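Coordinates only, no sequence provided:
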């Protein structure tokens, strides 16, 4: 018989209430004002039959890993698409070239490594010895490259005097992270040997 003056104990939905409290605390304590979705995953180590006999809270607590899997629900989780210019090689050394002659053409490859169209401006050469490096062919300037598509520029070194020469090939584009890609150009101009003296009469 129940004791006099004490009401009988009543069973309540303690498990469901506890789950609600845990979820509420998680939403309040996690940084930012983001909304989160709690989920638990099961694996082969916990059978579906065993999970069927558990309460919702027990399933979350005793699921493999023993913790909540929280997934942020902020933002639309959409993938940002943007162009990404990639230039190869980053530097070209033409070696030693005799003054008054030209080197073989060297190729620079421009690739769109991004996920949106890459619009290329006009390539140009600048620097102390810019006049001694020339763009021989250019199928990249003023072109729009789709993702994974490439184009090329060919450069020639034609020294007009002896010594070490250097310049920079600049390739502007709409890449938001790298508006101008650069390639270092270098070479050495060699003075041709003097002609042998004319034979004596």
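Structure received. These numbers were taken from a predicted model, which means no experiment stands behind them.

Okay, now the unreliable bits of this structure?
1-78 (pLDDT under 70).

Could you pull out the strands in it for me?
36-39, 69-72, 85-88, 91-98, 106-112, 118-119, 124-126, 133-138, 144-145, 150-157, 163-172, 180-190 (DSSP state E).

Which of those has the highest mean neighbour count?
Highest mean neighbour count of those: strand 118-119, a mean of 21 (counted as mean count of other CB atoms under 10 Å). No exception for glycine: its C-beta is placed from N, CA and C like everyone else's.

I'd like to know which elements that strand is packed against.
strand 144-145 (3 or more CB pairs under 8 Å, 6 or more residues apart in numbering; DSSP states H and E).

contacts for the strand it packs on?
83, 110, 111, 112, 117, 118, 119, 120, 151 (CB atoms under 8 Å, 6 or more residues apart in numbering).

Can you report phi and psi for the fifth one?
Right, the one you point to is residue 117. phi -60, psi 140 (degrees, to the nearest 10).

looking at it, it is touching residue 148, isn't it?
No. Using CB atoms under 8 Å as the test, residue 117 is too far from residue 148 to be in contact (11.3 Å).

which of the two has more neighbours?
residue 117 (15 against 10; other CB atoms under 10 Å).

Quick check: the gap between that one and residue 149.
Using CB to CB, to the nearest Å, residue 117 is found at 9 Å from residue 149.

Please apply the same query to residue 171.
For residue 171, the distance to residue 149 - CB to CB - is 15 Å.

Likewise for residue 90?
Distance of residue 90 to residue 149, given as CB to CB: 20 Å.

What of residue 135?
20 Å.

quick one on the thing from earlier: so if I had to pick from residue 90 and residue 149, which one is more boxed in?
residue 149 (13 against 10).

beta partners of the closest residue to that one other than its chain neighbours?
For residue 149, ignoring the flanking residues on the chain, the nearest one in space by CB to CB, 6 or more residues apart in numbering is residue 112 at 5.6 Å. Assessed by DSSP bridges, residue 112 has beta-bridge partners residue 85.

With residue 154 instead?
Assigned bridge partners for residue 154, using DSSP bridges, are residue 107, residue 137.

which ones are touching the residue nearest to residue 149?
Taking CB under 8 Å, 6+ apart, one finds 83, 84, 85, 86, 118, 145, 146, 147, 148, 149, 150 in contact with residue 112.

related to what we said a few turns ago, compare the strands of the chain and give me the one nearest residue 196.
strand 91-98 (16.8 Å; CB to CB).

Tell me the helices and strands packed up against that closest one.
Using 3+ CB pairs under 8 Å, 6+ apart, strand 91-98 sits against strand 106-112, strand 150-157, strand 180-190.

I'd say residue 189 and residue 100 touch.
No. Counting by CB under 8 Å, residue 189 stays clear of residue 100, with 9.1 Å between them.

Give me the common contacts of the two.
159, 160.

ok so, going back, let's have the helices and strands packed on strand 91-98 in JSON lines, adding distance to residue 131.
Compiled in JSON lines, the helices and strands packed on strand 91-98 are given as follows (distance: least, CB to CB, whole Å):
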{"stretch": "strand 106-112", "distance to residue 131": "17"}
{"stretch": "strand 150-157", "distance to residue 131": "11"}
{"stretch": "strand 180-190", "distance to residue 131": "12"}
